[in-house]
Every structure is written in structure tokens, then in C-alpha cells.
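Novice: whatever this is, show me its structure:
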Amino acid sequence: MNNFRHILTTLLLVTGVVCAKGEGIFDNLTYYGRLGYSLGGTAPIGMPETIRSLSKYTVKANIIIGLDAYKPLGGKWGIMGGFHIETKGMGTDARVKNYSMEMRQGNESLKGVFTGQVVSNVEARMVTLPLQATYDVSGKVRLKLGPYFSYLLSNKFDGYAYDGYLRVGNPTGEKVEMGTDKGSRGNYDFSDYMRKWQFGVDVGADWYFSRHFGAYLDMSWGLSGVFKQNFKTIEQTLYPIYGTIGITYKLN
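Specialist: Here you go, the predicted structure:
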């Protein structure tokens, strides 16, 4: 969190310097279109003991379409802001032990710790506003670092537990078996507990290989968990962590 504040403070100071020089913040801008594909997921920092192994990982159609504006500040430094529409998601099937869960089996609501397989399906469509300091290593390569803010337009976090058992309340509670078919497994949906606003840090590089076209590689790391603070069913804080590769097009 402190690193995020330092980055944001630096960018605000840079904006102040631009204004102090008497140059409008919207003067001398270069615009870029951006199209990318993201690969990653929603995960805790470090693998907790309750998650024993990842049996399956499913890639989603994580597309980014964006418009960026770049402003040089003098020398090799600059600032870049953007408006991006993104989809981020993943599917997993993990082996867990004593994993805190809340689910429904048939018409019964159950809460406790589960041992077995857990399938998770995560999807989010969002608007993202990145604000980055830039440094031109050369005439073709530009490094970027800064915060981003996202607002979720739609979101889903659901799945089911199967091939195991739930101990109701605590590890020594009543044992409820979970089967593999739809009628005997435990279903859950935590979509309503997801945050609408998210923020984090994005670092990356743009490579301009022609007058108008370029390629880019970014890494975004969420600093806010995907769930609201009052959501306690999943004990670990889950963060959106994604890498993106794509192309850029210089518009002017």
C-alpha cells in the first residue's frame, strides 16, 4: 500500500510540474489505440496450506481494448493515461483440505470446512483508468509504471465443491458427503460480495517497431482484494494478477 501511495504522489507531482511550466496538460499529446490479451488469475499471495494442488486451469477470453494519451515532460520522461475496457477471468479446479466454504447442497445451506475438489469460475468486465510515468529507453522502447483504477461493470465468482466432504462449522463438526453429480455436490456463488472498485499497479514496456504500429507487454498486480472487507468465507485475500501482451497503433 505504501508503494502505491508513493507512485500516486509522484505522478501528481509530475502533473503539478507540467502546470507550473505554463503548459496545458492537454497540449502536445500523442494518442495510441491498444488491443491486448491477458493471462493470469485471481489468487492469494503465496499458496496456503488449505490448497493442496491445482488440478486444472482454464483460460478465458481476456481481451483489453483501450485508448491512451502520452505527454512528454522533457528529456526521456513522460506521462501516459488511458481508458481501457477489459475482461478478466479464469477457471480452476483445485484439491483442498479444511478449506473454509459456504455452499448449498439441494435446498440446504451449509457452512464449514471442506476437503475435496473445488471448481471456481471467475469473470469480470471492467473499465480501467491507468496513469503511468514513462521513460524512453530509446526511440523505440518506452517503460511504464503507475497505478490503475478499475470499476466492474459485471462480475461473477461461482463454482462448486465435489468428490469430498464438508465438516459443518469446524473441522470436527458433522460430516456431509459431496458427490460428483449436480444433485450431490455443493454449489456456491460469491458474486454479490465482489468489490466494484479495484486498484493496483501496472508495469510494462511498449516497443514501437514502425511509424504507427507497436507491441506491448504489461503486468498488472491488484493491491485491493477482489472481495469486500466484510466477506469472511474465503479466509485468504484474493488479488487479480494478470500479464498482458498486445499491439498498439499510433493515431496521430
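Novice: show me where pLDDT drops low in this protein?
Specialist: For the chain, the stretches flagged by pLDDT under 70 are 1-24.
Novice: so where do the strands sit in it?
Specialist: Secondary structure of the chain by DSSP state E: the strands cover 30-43, 51-59, 63-74, 77-105, 108-136, 141-168, 175-178, 186-189, 197-208, 213-222, 239-250.
Novice: mind giving me a markdown table with those strands and columns for mean neighbour count?
Specialist: (Each C-beta comes from the backbone N, C-alpha and C, glycine too.) As requested, those are arranged in a markdown table below (neighbours: other Cβ atoms under 10 Å):
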| stretch | mean neighbour count |
| --- | --- |
| strand 30-43 | 18 |
| strand 51-59 | 13 |
| strand 63-74 | 17 |
| strand 77-105 | 19 |
| strand 108-136 | 19 |
| strand 141-168 | 18 |
| strand 175-178 | 16 |
| strand 186-189 | 19 |
| strand 197-208 | 18 |
| strand 213-222 | 18 |
| strand 239-250 | 18 |
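Novice: Throw those into TSV and include distance to Thr233, thanks.
Specialist: Formatted as TSV, the strands of the chain follow (distance: least, Cβ to Cβ, whole Å):
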stretch	distance to Thr233
strand 30-43	15
strand 51-59	15
strand 63-74	30
strand 77-105	5
strand 108-136	7
strand 141-168	11
strand 175-178	16
strand 186-189	8
strand 197-208	19
strand 213-222	19
strand 239-250	17
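Novice: and these: which comes nearest Lys228?
Specialist: strand 197-208 (10.3 Å; Cβ to Cβ).
Novice: now do the contacts for Leu143.
Specialist: For Leu143, the contact set (Cβ atoms under 8 Å, 6 or more residues apart in numbering) comprises Thr134, Tyr135, Asp136, Val137, Gly204, Ala205.
Novice: could I get those as TSV with distance to Ile79?
Specialist: As requested, the contacts of Leu143 are exported to TSV (distance: Cβ to Cβ, whole Å):
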residue	distance to Ile79
Thr134	7
Tyr135	11
Asp136	12
Val137	16
Gly204	15
Ala205	16
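Novice: ok, so of those, who is nearest Gly46?
Specialist: The closest of the contacts of Leu143, once distances to Gly46 are taken by Cβ to Cβ, is Gly204, at 24.0 Å.
Novice: Lys76 - nearest residue in space that isn't next to it in sequence?
Specialist: Asp136 (4.4 Å; Cβ to Cβ, 6 or more residues apart in numbering).
Novice: actually Lys250, not the one I wrote
Specialist: Per Cβ to Cβ, 6+ apart, closest to Lys250 is His212, 4.6 Å.
Novice: do you know how far Gly243 is from Asn121?
Specialist: 20 Å (Cβ to Cβ, to the nearest Å).
Novice: right, and Lys140 touches Ala205 too?
Specialist: No. Between Lys140 and Ala205 there is no contact under Cβ atoms under 8 Å: 10.5 Å.
Novice: which one of the strands of the chain lies closest to Lys232?
Specialist: With Cβ to Cβ as the measure, strand 77-105 is the member of those nearest Lys232 (8.2 Å).
Novice: tilt between that closest one and strand 30-43?
Specialist: 30 degrees (axes from the mean of the first three to the mean of the last three Cα atoms, to 10 degrees).
Novice: just checking, what packs against strand 77-105?
Specialist: Under the contact definition 3 or more Cβ pairs under 8 Å, 6 or more residues apart in numbering; DSSP states H and E, strand 77-105 sits against helix 2-20, strand 30-43, strand 51-59, strand 63-74, strand 108-136, strand 141-168, strand 186-189.
Novice: reformat those as a markdown table; add distance to Leu217.
Specialist: Output for those, formatted as a markdown table (distance: least, Cβ to Cβ, whole Å):
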| stretch | distance to Leu217 |
| --- | --- |
| helix 2-20 | 19 |
| strand 30-43 | 9 |
| strand 51-59 | 18 |
| strand 63-74 | 12 |
| strand 108-136 | 14 |
| strand 141-168 | 10 |
| strand 186-189 | 34 |
